[in-house]
Each structure stands twice: as C-alpha cells, then as structure tokens.
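Student: This is a predicted model, with the sequence first.
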Amino acid sequence: MEKKKFRLFDAVLMAVVVVLVVESVAPAAAIGPSQFFWWAALLILFFLPYGLISAELGTTYDDDGGIYDWVRKAFGKRWGGRAAWLYWINFPIWMASLAVLFTGVIEQTLQIKMGTWTNVLVQLVFIGVITLICCYPIADSKWILNLAAIAKIVIILSLGILGIYVAVTKGVASKFTVETMLPKFDLKSLSYISVILFNFLGFEVVTTMASDMQNPKKQIPQAIVFGGILIAFFYVFAAFGMGVAIPASKLSASGGLMDSMLLLVGHHNWFIFLIAILFMYTLAANLISWSAGVNYVASYAAKNNDLPAIFGKLSQKNDMPVGATVLNGVIAAVLVVAAPLIPNPDLFWAFFSLNVVALLGSYILMFPAFWKLRKDDPNTERPFKVPGNKLMINLMTWIPVTLLIITLIFTAIPLNGSASEINGKGPILIGSIITVIVGEICIAHAEKKDKKSDPKPKIKSNIVESKGVN
C-alpha cells in the first residue's frame, strides 16, 4: 500500500500546532502596544530567515540528529554536543515552568489558595504523568496534536473576539496609538522580546516530513509563509484581547491569560472552567509533542559519544529514548522542589526565561552552521535551497544571530543594578551559568569515554568484514 503523502495542509497544521505556544502569549502581551511592532519586525528579520534556513538544512542533512547533526557537521563533535545539550536541557526547565503554571491555573479557576508544598506535590504529579506518557509511543500520536490544535485555536479566538467586544462596548485598557505602538527600548520591553523569538521556534520539526512530501522544494517554503502568517495572526489576535483587558503594567507573565479571560467575561462560569481545562491540556500537549524531538536529538548525540551514554538508552520494547526522557522528569522535579528557595516572585517567568535562554542558545549555533555548510559543502544536493546572493545569505545568517545574542543579554543579565532586577534576573543568570557548566562536564565526560575506545580493533574488524563480504 502506497504511503499517504504529507500534504501542504498537514505541514501548515503541524507548524501551527508545534510553534503556537499559548502560555507565552501573556509574557509577550506584557510588552504593551509596542509588541505589534516587534511581532512584525521579528517576523521579517528572524522567522522568515529561520524558517528558510531550517528548510534547507532539514531537507539536505536529514539524519535523526537534527540541529545537533547540522552543528556537528559544520563545527565538529564538541560544538555538536553543545548544541544537543542546550536543545535538550531547555525541555526539563520548560516542563518545570509549565508545572508551576499548571497549579496557578488550578488556583485561579477554583478560586483557592494551595500551600507551598501542596503546590509542589501537584507539580510533581504533573511532571510524573508527562514523563510516563513520553516513555511510550502514544507521545507520537496525531490525536494529541489535533486536539491541542483545536484547544489552542479556541483559546486564542476567544481572547481576540472577547477583546474586540470589550473594546467596542467598554473601551480599551491601553492606548493603541502610533506613539504607543512604536518600539520602546527600556529594559523590561527588551527582556520580553526573547519570548517572541521563542514563540517562532520549532519549524524545523516540519522539515522532517520532507521525504513524505510530493514536492518538498515547493511545499516547505509555502508552509513557512502560510504557517508564519497564521501563527503571527493568532499570537497578535490573542495578545490584542489581553491588551484590551489589562494594562501592560498590570499584566502578569504567568497568570495573564486567565486574568484576561476572567476580566473579559466578568465572573467565573462554565466558560472560564472550559477555557481553563483546554489551557491545562495544551500545557501537557506542548510537552508531549516536543518530547520525542528533543530526546531523540540527545539520544543521537549520545550514540555518537557527544553526550553521556545514559542519554542514548532506548526502551527494549518500543525504542523510545527513555534515558533522556527519565532525566527530563528528574531535573524538572528537582527544580520544582527547589523553587520555593528561589528569590523570584514569579517562578513561572524565572523558569520560562531560563528555558528560553537555553533554547535560543542552541539556535545561535544553528545559523552559523548553515553559513559554514554553504561555504564548505557547496556540492551536496539541496532539495530546497535558500534563495539569494552572498550578501542576502550573510544578512539572513547574522541578523538573526545578533538578535538572539541581544535578547539573551537583556533576558538574563541585570543591567541597571536595581534590587528588583537583580532579584528577577539573578536566578536566571545563575541558572544559565550552571546549565552551561553542567553541559561542559557532560560533553567532557562523553569525550573522555570516546577517546578511551581503541580505534585499531574497529579498523581491523571492518577490514576483515570487508574481506569476508568480498
């Protein structure tokens, strides 16, 4: 039976489901009306180059290693290991942030206040259930993505439609004028721009379906354009609804979505409960849908001795990367247990920012890898090739890298020395340093184990096997 082809519609839907992250709408909306400028600018300066470059790399170098494999081919084993580590470690930190958000939604919806350790217990259950699911092939099920797509669209359309209704009937909470929509370069606004960049990431997942497409050279760039337009529309539509409901100065990065929905509706009712259920489902679905990707990258790196062997452990029953998956759960659990000791009033934002720093760090390596592979490996056939001359390729490589570096600086480094900024960004900076150090230790350990293996017997064995075949 002929395998069903991956249609353009499927590629666009996958892009929307994987890239569209509902919980990060609130941090982006906290920028204020100027967020609309940043959405437009970053769509052109970052998302389009990123999507096109991912399409070329994903269709040209289509091994299971993904971003790790691209960086490794360009810069060698150690840098490949770093890319794999940063790409993987963002996931358990993200899981911890969503566990914190999960309990916050429960408290908002049921109008209760749980104690610190009750919160931690619920968060540990959330992490345990997600980790268990991700150890089985159900994590790859399309119905999870399809239901998540429906839930996300319902939430976002509800925010936007209710926001427009409030704007027409009661007026808006923020001034949407040319002046207010122009970019502001204060520390708060610039630190939130990393969230918009984070909101655009994940499109390389679509490129893994290139072999199933009838015409990947045509369908992949179409999916980038159509998917990018839909994603930007959904984000901006939802952010507008939140901007109508609550002034940016009062918008919480963690509770902003449910706060906005409550303010728009006016009181707790069945609709608020429904939105909360859908929202909590999307939190779980986001993790489940991303888990296989990040864990297979780590597993692939471990098989090449660029990460410790535990990352490469597969289930004997279903070949799922259980080593990396269980480590996800363990690290996320440690983070939520230690969270009460972190001097940050918004734990979701602290964890979420740290996960953003790690993930964006891996993409800082991806863009130069594309540039170097174009230079050093020009003869390899590219089913899809980023259009443009040498100047355009340079711009599409180094402008996104510059944006990534700038946003990471404003996200993780206290720049004005105030007590509030030190308390807010201090844990993020310390966490980022610890993350890099632990990664270097893991890479050095894997490298040491790799050097211990004697290549001579392997070469001899290969020669014998070759002679035997002949």
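Tutor: Great, that's in hand.
Student: Retrieve the pLDDT associated with Lys303.
Tutor: Note on Lys303: pLDDT of 91.
Student: For it, which non-adjacent residue is spatially closest?
Tutor: Computed as CB to CB, 6 or more residues apart in numbering, the closest residue to Lys303 that is not its neighbour in sequence is Gly312, at 4.9 Å. Yep, even glycine has a C-beta here, placed from its N, CA and C like the rest.
Student: Ile53 too?
Tutor: Using CB to CB, 6+ apart and skipping residues adjacent in sequence, the residue nearest Ile53 is Phe370, 4.7 Å away.
Student: you'd agree the one you found is up against Leu57?
Tutor: Yes: the pair Phe370 / Leu57 is scored as a contact, 5.8 Å apart, by CB atoms under 8 Å.
Student: which residues are in contact with both of the two?
Tutor: Trp70 (CB atoms under 8 Å, 6 or more residues apart in numbering).
Student: Please say which of those two ends up with more neighbours.
Tutor: Neighbour totals were compared for Phe370 and Leu57, and Leu57 leads with 27 against 24 (other CB atoms under 10 Å).
Student: related to what we said a few turns ago, the residue nearest to Lys303 and Asn305: what is the separation?
Tutor: Using CB to CB, to the nearest Å, Gly312 is found at 9 Å from Asn305.
Student: Remind me which helix or strand the residue nearest to Ile53 belongs to.
Tutor: Secondary structure assigned from DSSP states H and E places Phe370 in helix 347-376.
Student: by how many degrees do the helix or strand that that helix is followed by and helix 347-376 diverge?
Tutor: Downstream of helix 347-376, the first helix or strand assigned by DSSP H and E is helix 390-412. If you take axes from the mean of the first three to the mean of the last three CA atoms, to 10 degrees, helix 390-412 sits at 160 degrees to helix 347-376.
Student: per-residue pLDDT, Phe348?
Tutor: Per-residue pLDDT puts Phe348 at 75.
Student: Actually, Thr397.
Tutor: Per-residue confidence (pLDDT) for Thr397: 96.
Student: and it, what does it touch?
Tutor: By CB under 8 Å, 6+ apart, the contact set of Thr397 is Pro49, Ile53, Phe367, Pro368, Phe370, Trp371.
Student: And for Thr131?
Tutor: Thr325, Val326, Asn328, Gly329, Ala332.
Student: Now do whichever strand or helix holds the fourth one: distance to the chain's middle.
Tutor: With secondary structure defined by DSSP H and E, Gly329 is part of helix 322-338. Here the centre of mass of C-alpha atoms in helix 322-338, compared against the chain's by CA atoms, centre = their mean, to the nearest Å, lies 17 Å away.
Student: now the angle from it to helix 347-376?
Tutor: The directions of helix 322-338 and helix 347-376 differ by 140 degrees, with the same axes, to 10 degrees as the criterion.
Student: what comes into contact with helix 322-338?
Tutor: So helix 322-338 is contacted by 88-89, 91-93, 95-96, 99-100, 120, 123-124, 127-128, 130-131, 134-135, 291, 294-295, 298-299, 302, 310-315, 351 (CB under 8 Å, 6+ apart).
Student: Just to be sure, which of the residues you listed are found in strands?
Tutor: Residues of those located in strands (DSSP state E): none.
Student: wait, Ile133 sits on Ile288?
Tutor: Yes: here Ile133 reaches Ile288: they are 5.8 Å apart, a contact under CB under 8 Å.
Student: circling back to that earlier point, would JSON lines of the contacts of Thr397 with pLDDT be doable?
Tutor: Shown next, in JSON lines, are the contacts of Thr397 (pLDDT from 0 to 100):
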{"residue": "Pro49", "pLDDT": "91"}
{"residue": "Ile53", "pLDDT": "91"}
{"residue": "Phe367", "pLDDT": "96"}
{"residue": "Pro368", "pLDDT": "97"}
{"residue": "Phe370", "pLDDT": "96"}
{"residue": "Trp371", "pLDDT": "96"}
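Student: quick one: Leu157 and Gly241 touch, right?
Tutor: No: the pair Leu157 / Gly241 is not scored as a contact, 9.2 Å apart, by CB under 8 Å.
Student: of these two, who's got more company?
Tutor: Using other CB under 10 Å, the more surrounded residue of Leu157 and Gly241 is Gly241, with 28 against 14.
Student: what stretches of the stretch 51-200 of the chain score poorly on pLDDT?
Tutor: For the stretch 51-200 of the chain, applying pLDDT under 70 flags the ranges 64, 138-142, 186-189, 191.
Student: For it, which segments are assigned as helices?
Tutor: Applying DSSP state H, counting those that start in this stretch to the stretch 51-200 of the chain gives helices spanning 67-75, 77-110, 116-134, 142-170, 178-181, 187-199.
Student: related to what we said a few turns ago, buried ones in the helix holding Gly329, by neighbour count?
Tutor: Using 16 or more other CB atoms under 10 Å as the test for burial, helix 322-338 gives 322-329, 331-333, 335-336.
Student: Likewise for stretch 372-392?
Tutor: Across stretch 372-392, burial judged by 16+ other CB under 10 Å covers Lys372, Leu373, Arg374, Arg382, Pro383, Phe384, Val386.
Student: Tell me which residues are up against that stretch.
Tutor: For stretch 372-392, contacts defined as CB under 8 Å, 6+ apart pick out 52-53, 55-57, 59-61, 70, 73-75, 210, 216-217, 220-221, 370, 393, 396.
Student: Give me the buried entries from the residues you listed.
Tutor: Going by neighbour count (16+ other CB under 10 Å), these have 52-53, 55-57, 59-61, 70, 73-75, 210, 216, 220-221, 370, 393, 396 buried.
Student: Excluding residues flanking it in the chain, which one is nearest Val438?
Tutor: Closest to Val438 by CB to CB, 6+ apart is Ile89, at 7.9 Å.
Student: What of Leu162?
Tutor: Of all residues not flanking Leu162 in the chain, Leu264 sits nearest, at 4.0 Å (CB to CB, 6+ apart).
Student: OK, contacts around the one you found?
Tutor: Applying CB under 8 Å, 6+ apart, the residues near Leu264 are Leu159, Leu162, Gly163, Tyr165, Val166, Gly241, Val244, Ala245.
Student: repeat that with 10 Å
Tutor: Counting by CB atoms under 10 Å, 6 or more residues apart in numbering, Leu264 makes contact with 158-159, 161-163, 165-166, 170, 241-242, 244-246, 272.
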